[in-house]
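K.L.:
no sequence on this one, just coordinates:
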């Protein structure tokens, strides 16, 4: 099984926003760019517009778990930033999971 790391620093996120490609759907926006390593690095961003900290952490956990369950089908060597949209506050796990897989197919990284 592959192990993915996290993007944590603001400059890492900004670099992916600037140089990566993005696709969006109802719940999420996904930015993807190659990172030149054999691991994927994933960053999750949920803005204060989405809800209070409880809601934001809940969405973050849903996104992280949705990615983790399907990590083995993703190509490796990518920086992936997933930005949640306001609609995500009302989504359940299966909506988020479908949304992640849909965006991954658009990016052709699965």
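P.N.:
On my side now, so go ahead. Since the structure is predicted, the reported quantities are computational estimates derived from the model, not experimental observations.
K.L.:
only C-alpha atoms for contact and neighbour calcs from this point on.
P.N.:
Will do.
K.L.:
Just the pLDDT for the residue sitting furthest away from the middle of the chain.
P.N.:
Farthest-out residue of the chain from its mean C-alpha position, per C-alpha atoms, centre = their mean: residue 52, at 19.6 Å. You'll see residue 52 listed with a pLDDT of 96.
K.L.:
Equivalent analysis for the one 10 residues further on, please.
P.N.:
Looking at residue 62, its pLDDT stands at 95.
K.L.:
List of residues touching the helix or strand encompassing residue 81?
P.N.:
Using DSSP states H and E, residue 81 falls within strand 78-84. Applying C-alpha atoms under 8 Å, 6 or more residues apart in numbering, the contact partners of strand 78-84 are 7, 13, 16-17, 27-37, 39-47, 50, 59.
K.L.:
among those residues, which are in strands?
P.N.:
The strands, defined by DSSP state E, take in 28-34, 41-45 from the contacts of strand 78-84.
K.L.:
ok, these vs residue 106, which is closest?
P.N.:
Residue 106 lies nearest to residue 30 out of those, by C-alpha to C-alpha, at 9.8 Å.
K.L.:
how near is the closest one to residue 14?
P.N.:
13 Å (C-alpha to C-alpha, to the nearest Å).
K.L.:
Of the two, which one has the most company?
P.N.:
A direct count of neighbours by other C-alpha atoms under 10 Å for residue 30 and residue 14 places residue 30 higher, at 24 against 12.
K.L.:
which residues sit in contact with the more buried one?
P.N.:
22-24, 80-83, 103.
K.L.:
what about the residue nearest the centre of the chain, distance to residue 31?
P.N.:
Central residue of the chain (C-alpha atoms, centre = their mean): residue 82, 2.7 Å from the mean position. For residue 82, the distance to residue 31 (C-alpha to C-alpha) stands at 6 Å.
K.L.:
Check residue 52 too.
P.N.:
24 Å.
K.L.:
what separates the helix or strand bottoming out on mean pLDDT in the chain from the chain centre, distance-wise?
P.N.:
Lowest on mean pLDDT, DSSP states H and E among the helices and strands of the chain sits strand 5-6, with a mean of 88. Centroid separation between strand 5-6 and its chain, computed with C-alpha atoms, centre = their mean, to the nearest Å, is 11 Å.
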